[in-house]
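# Okay, sequence plus prediction incoming.
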Amino acid sequence: MSDAAKVPGRDEAILVAGARGMVGSALVRRLKAGGYARVLAPLRGELDLQDAAATRAYLQREKPAYIFIAAAKVGGIHANNTYRAQFLHENLAIADNLIDGAHRAGVQRLMFLGSSCIYPKLAPQPIREDSLLTGPLEATNEPYAIAKIAGVKMCEAYNDQYGRQYVSAMPTNLYGPNDNYDLQTSHVLPALIRKAHEAKLRGDAEYVVWGSGTPMREFLYVDDLADACVHLMARGYDGPLVNIGTGEDVTIRELAETVMDVVRVPRPHRVRRLEAGRHPAQAARCGPPARAGLEAPGRAARGHRARLSRLPGPVRALSPRFEELSHARRGRRPCAGHPPHPSSS
Ligand code: NDP
C-alpha cells in the first residue's frame, strides 16, 4: 500500500466533527471500542465549524490522520422546508471549511457524510450512486441536498486536482442513541416514538399519525453505520461516493405499529390514518413517493458484513431509555415561533 493510501494507526489522531450528534457520537463510541486512542471530538463551543479561520487553525494544529465529517445542520421535513436559507448556508460552510481546511492542513483522507435525500426525487429504486444529479430533487429539502451535493463534489474535485482520498458516504434513514426527539426538527422515527410515548402518558384513545401510512422507508441503526464507516476507513477505501443501507424497507404504518408495541401503547388504541393532502407536509417526503431505499444490503461496506440490526430489536432496546435520552439531548431548543409538527414521513 502506498503512503497516500496509508490507513490511520490506532495511535494517530482521528477527528470526528459533530461528535455530539447521533452519528458523531456513534463514531466516537466505535472508534474508542476499536482501540483508537486519540479521538478528537471538539464541541461547537470549542470549535465553530462555520468559522473558516478557526477551523483551518484547528486542523493545522491537530493535523488528524483522518476526519469524519458528521457535523451538519440536520432536520426533518418541517425544519428543512422552513429554514431553507440556514440549511443551505450552514451546510455549505461546514463542508467548505472542513474539506478545504483538511486539504490545506495536508490531511490526506476523510469521509464526508451526506444523506440519501441528495438523490433525485424520482430516482429508480433501489437508489444507486450513479443516480446522483440525474433529475430534480425533492423540493422541500432541496437546499439541504444542494449543500450536501456540493460537499460530495468538493471531495471529488480535491481528489482529482490534488490527489486527495476524500470519500462521501450516503446513509439511509438512521435511528439510535442521541437521536433528536424535538417534534419540530426530528426525523420520522424519533417523532413517532415521542408521539407514542406522549399518547400513552395522556391515555389518548388514538395514536394519530399523519399521512396515508403507505410510503416505504429504510432504517439503519446508527451503530451499524458507525461500524461500516470505521471499516471503510480501516480498509483504506478511497471512494467514490458510497451508499450505506440495509436494503430492507417498512411502511410508515408498520413502523408506527412497531413503535406502539415497543413503547407499550395499550391496545385497543390504534393508528389513525389521515387522508393524503390533509396536512401540508403530507406530500413532502424526502425521496420518492412510494419507496425510498438504497441499493443492496450492506453494499456500502463493500465486503463488510455489517450487523444489520432490524426493527424492532434496536427500537426495543432504545425505548426504555426514551425519557432519559430525550431530556439529555444537548439542550437543543425548539425553533421559535413554530407549532409542533405532526410528522409522519
Ligand atoms: P445531529 O444533528 O445529531 O448532529 C449534528 C452535529 O453537528 C451536532 O453535534 C451539531 O452540534 C454539529 N454541528 C452543527 N453545526 C455545527 C457547527 N457550526 N459547529 C460545530 N458543530 C456543529 O445530526 P446526525 O448525527 O443525525 O447527522 C450527521 C450526518 O449524518 C449529517 O451529515 C446527516 O446528513 C447524515 N445523515 C443523518 C441521517 C439521520 O437519519 N439522522 C440520515 C442520513 C444521513 P450541536 O450538538 O452543538 O448542535
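Right, received. Where do you want to start? Numbers count the residues shown, from 1 in each chain.
# Grab the nearest non-local neighbour of the residue of the chain at minimum distance from the ligand.
When you check the chain against the ligand by C-beta to the nearest ligand atom, the closest residue turns out to be Gly21, at 1.9 Å. C-beta: built from backbone N, CA, C; applies to glycine. Among residues not flanking Gly21 along the chain, Ala70 sits closest, at 6.0 Å (C-beta to C-beta, 6 or more residues apart in numbering).
# do the same with Tyr166
Using C-beta to C-beta, 6+ apart, the nearest residue to Tyr166 is Cys155, at 3.7 Å.
# would you say that neighbour is within a helix?
Yes - remark: Cys155 belongs to a helix, assigned using DSSP: H, G, I helix; E, B strand; the rest coil.
# thought it was touching Ser168?
Yes - using C-beta atoms under 8 Å, Cys155 makes contact with Ser168 at a distance of 5.2 Å.
# which neighbours do the two share?
112, 239 (C-beta atoms under 8 Å, 6 or more residues apart in numbering).
# before we move on, the earlier item: number of nearby residues for the residue of the chain closest to the ligand?
Number of residues near Gly21 (other C-beta atoms under 10 Å) recorded here: 22.
# Next: Ile146.
A count of nearby residues for Ile146, using other C-beta under 10 Å, gives 15.
# Sticking with it, tell me its helix or strand.
Using DSSP states H and E, the element containing Ile146 is helix 142-162.
# Tell me which other helices or strands that helix touches.
helix 84-104, strand 109-113, strand 165-171 (3 or more C-beta pairs under 8 Å, 6 or more residues apart in numbering; DSSP states H and E).
# pLDDT value on His78, please?
pLDDT for His78: 84.
# does it really touch His187, like I thought?
No - proximity of His78 to His187 does not meet the contact threshold set by C-beta under 8 Å, at 10.5 Å.
# Around the ligand, which positions in the stretch 101-250 of the chain sit nearby?
Within reach of the ligand by C-beta under 6 Å from any ligand atom, the stretch 101-250 of the chain has these residues: 113-115, 171, 173-174, 180, 187.
# what's the farthest-apart pair in these?
Greatest spatial distance in those: Gly114 and Asn180, 17.7 Å, computed using C-beta to C-beta.
# Now the phi/psi pair for the spatially closest residue to Asp179 that is not a sequence neighbour, please.
Using C-beta to C-beta, 6+ apart and skipping the chain neighbours, the partner closest in space to Asp179 is Pro190 (4.4 Å). Pro190 has phi and psi values of phi -60, psi -30 when expressed as degrees, to the nearest 10.
# ok, Pro190 to Gly75 distance?
If you measure Pro190 against Gly75 using C-beta to C-beta, to the nearest Å, the figure is 11 Å.
# With Asp130 instead?
28 Å.
# In terms of neighbours, single out the busier of the two.
For Asp130 against Gly75, the residue with the higher neighbour count under other C-beta under 10 Å is Gly75, and the figures read 23 against 10.
# Which pLDDT value belongs to that one?
The pLDDT attached to Gly75 in the predicted structure is 85.
# isn't the residue nearest to Gly21 right up against Ala19?
Yes - contact between Ala70 and Ala19 holds when scored by C-beta under 8 Å: they sit 7.4 Å apart.
# what do the two both touch?
For the pair Ala70 and Ala19, residues contacting each of them under the criterion C-beta under 8 Å, 6+ apart are Leu27.
# Of the two, give the one with the bigger neighbour count.
Between Ala70 and Ala19, counted using other C-beta under 10 Å, the more crowded position is Ala70 (26 against 21).
# What residues does the closest residue to Val152 other than its chain neighbours make contact with?
Nearest non-adjacent residue to Val152, counting by C-beta to C-beta, 6+ apart: Ser168, 4.4 Å away. If a contact means C-beta under 8 Å, 6+ apart, then Ser168 has 111-114, 151-152, 155-156, 239-242 as its contacts.
# Give me the ChimeraX select line for those, limited to the buried ones.
Here is the ChimeraX command that picks out the buried ones among the contacts of Ser168, judged by 16 or more other C-beta atoms under 10 Å:
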select :111,112,113,114,151,152,155,156,239,241,242
